[in-house]
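**Q** here's my sequence, what's the structure:
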Amino acid sequence: MISFKDKKIAVVGLGIEGLSSIQYLKKHGAEVTELDKKQGEKYLQNLDQYDLIIRSPGIKPELLKIDSSKITSQTKLFFDLCPCPIIGVTGTKGKGTTSSLIFEMLKKEGRDVYLGGNIGKAPFEFLDKLTPQSIVVLELSSFQLVDFDKSPARLASENVAGRPYIAVILMTTSEHLDWHKDIKEYIDAKRNILKYQSSSDFAIVNRDYPASLESDIYSEGKVFYVSRERAGYDGCFISKDKIAIQIKGQSYDLISTKEILLPGKHNLENVCAAVLAATLAGVWKGNIVSVLKTFKGLEHRLALVREVNGVKYYDDSFSTTPETAIAAIEAFKIPEILILGGSSKSSDFTELGRIISSHKNIKAIIGIGKEWPSIRSKISKKSKVILIEGAENMKTIVLAASKIAKPGDVVLLTPACASFDMFANYKDRGELFKKEVNRLP
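**A** Numbers count the residues shown, from 1 in each chain. The predicted structure follows:
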């Protein structure tokens, strides 16, 4: 057991996770110093005076110019201190939906389950409530995993949690290249979730994306695969419009895809991953099916806001990459009016432009933000899609969409970009979209 009593500890970064670290450490007797960039340029000086430095997710490890053995994070400490099994979920998109599905399935089973990490609560908020009979589901971002490791002593011990006994890698493409050095560092960070598993653990890998599929070699555990394109292996996949599970060569159909409330083909990948994780965790299939028939998804993730005069308005503000925008676009076959653009994440919009140019059901695009010209440049000049520009706030964006929308159309906020040029964050963007949609007569 790690003792924090009378230790001099600096917490760097005062976001939600940083503040929860401060509260937990003080409760356990540490002498805590709060460090944040708002304190000025020199806030990271004299780090050598502390016994331990706790890095918040937004802080790059290389910014802390001190012996790396003194640097840790709430994520790393939680894995060391947690007395119960942990299910870890990572990937470029789908982490929140998959983690929430697993949580709901375990809760339906009657387990003492907690949801945290990049979604829900910071893990330190519920650490003291955990018992060996509890189970934790953690959504883990690349920021949290970039320096995730285990000491040789803890690697040798099978009695500590120390690692996710079920590790899930979802769709992994490219993101956060404005934070990571390159795509390799980003993907390597995701793969850290697998690297410290033992032979008694389970790895769940999405085989429909090369970076995810090629991650299977990093786990010592039993590897299972999920796919909506290929079947016939141990894992969970789509077969003839059914969610099918195969374990040790024995397969069975669980539920028809038509009975699942979550929209979009991409969400079937998340469903497969959650179903498999819950199955491996011992959840009865009846409880898994019950959750799939009732789970409507998370806020700002392809969520239906309202139907107005026969037009459905969907909030997918969480879509901050071209890949997630493509997934949202392909979720519908009926005429679509898209809201695209925002601030930069150094994304490549070539494939998004190709999809827009080739999909005949895309009726119009409301182009917004600094990145809209970059997106527009990738759309074929032969495309007949109506391009509407110049909307400077959400009120004019929604009004513009409503004026050209006809009964049977879908208006889809799926920006493919960050939000910081026009909005506080993706949540603010989504909330304002919902507000304006709900004001439509």
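
**Q** next structured bit after the longest helix along the chain?
**A** Across the chain, the helix with the greatest residue count (assigned by DSSP state H) is helix 265-280. For helix 265-280, the succeeding helix or strand toward the C-terminus, using DSSP states H and E, is helix 285-292.

**Q** name the residues of that following helix that are buried.
**A** By neighbour count on 16 or more other Cβ atoms under 10 Å, the buried set for helix 285-292 is 287-289, 291-292. Bear in mind the C-beta positions are built from the backbone N, C-alpha and C, glycine included.

**Q** of those residues, closest to residue 10?
**A** residue 291 (41.6 Å; Cβ to Cβ).

**Q** my guess is the closest one contacts residue 105, does it?
**A** Yes - if you go by Cβ atoms under 8 Å, residue 291 and residue 105 touch, sitting 5.0 Å apart.

**Q** mind checking the pLDDT average for the longest helix of the chain?
**A** Across helix 265-280, the average pLDDT comes to 95.

**Q** shaky segments in this protein?
**A** Residue ranges of the chain with pLDDT under 70: 1, 151-161, 174-180.

**Q** tell me how it divides into domains.
**A** With automatic domain parsing as the criterion, the domains of the chain are listed as 8-74, 82-292, 303-438.

**Q** next, count neighbours for residue 69.
**A** Look at residue 69: counted by other Cβ atoms under 10 Å, it has 8 neighbours.

**Q** if I look at it, how far off is residue 76?
**A** Residue 69 sits 12 Å away from residue 76, going by Cβ to Cβ, to the nearest Å.

**Q** tell me the secondary structure of the closest residue to residue 48 other than its chain neighbours, please.
**A** Computed as Cβ to Cβ, 6 or more residues apart in numbering, the closest residue to residue 48 that is not its neighbour in sequence is residue 66, at 5.8 Å. Put simply, residue 66 is coil when judged by DSSP: H, G, I helix; E, B strand; the rest coil.

**Q** which parts of the chain are helices?
**A** 16-27, 74-81, 95-108, 142-145, 152-155, 183-191, 210-213, 265-280, 285-292, 322-329, 350-358, 372-376, 394-404, 426-438.

**Q** any buried residues in stretch 6-23, and which?
**A** 7, 9-14, 17-22.

**Q** closest one of those residues to residue 246?
**A** Nearest member of the buried residues of stretch 6-23 to residue 246, counting by Cβ to Cβ, is residue 17, at 37.8 Å.

**Q** correct me if wrong: that closest one contacts residue 59.
**A** No - assessed by Cβ under 8 Å, residue 17 is found out of contact with residue 59, at 10.4 Å.

**Q** joint contacts of these two?
**A** By Cβ atoms under 8 Å, 6 or more residues apart in numbering, residue 17 and residue 59 have no common neighbours.

**Q** what is the neighbour count of the closest residue in space to residue 47 that isn't next to it in sequence?
**A** Among residues not flanking residue 47 along the chain, residue 66 sits closest, at 4.5 Å (Cβ to Cβ, 6+ apart). Residue 66 sits with 15 neighbouring residues when counted by other Cβ under 10 Å.

**Q** what sits up against stretch 215-234?
**A** 167, 169, 172, 187, 190-191, 194-195, 197-208, 213, 235-239, 244, 246-249, 265, 268-269, 272-273, 276, 280.
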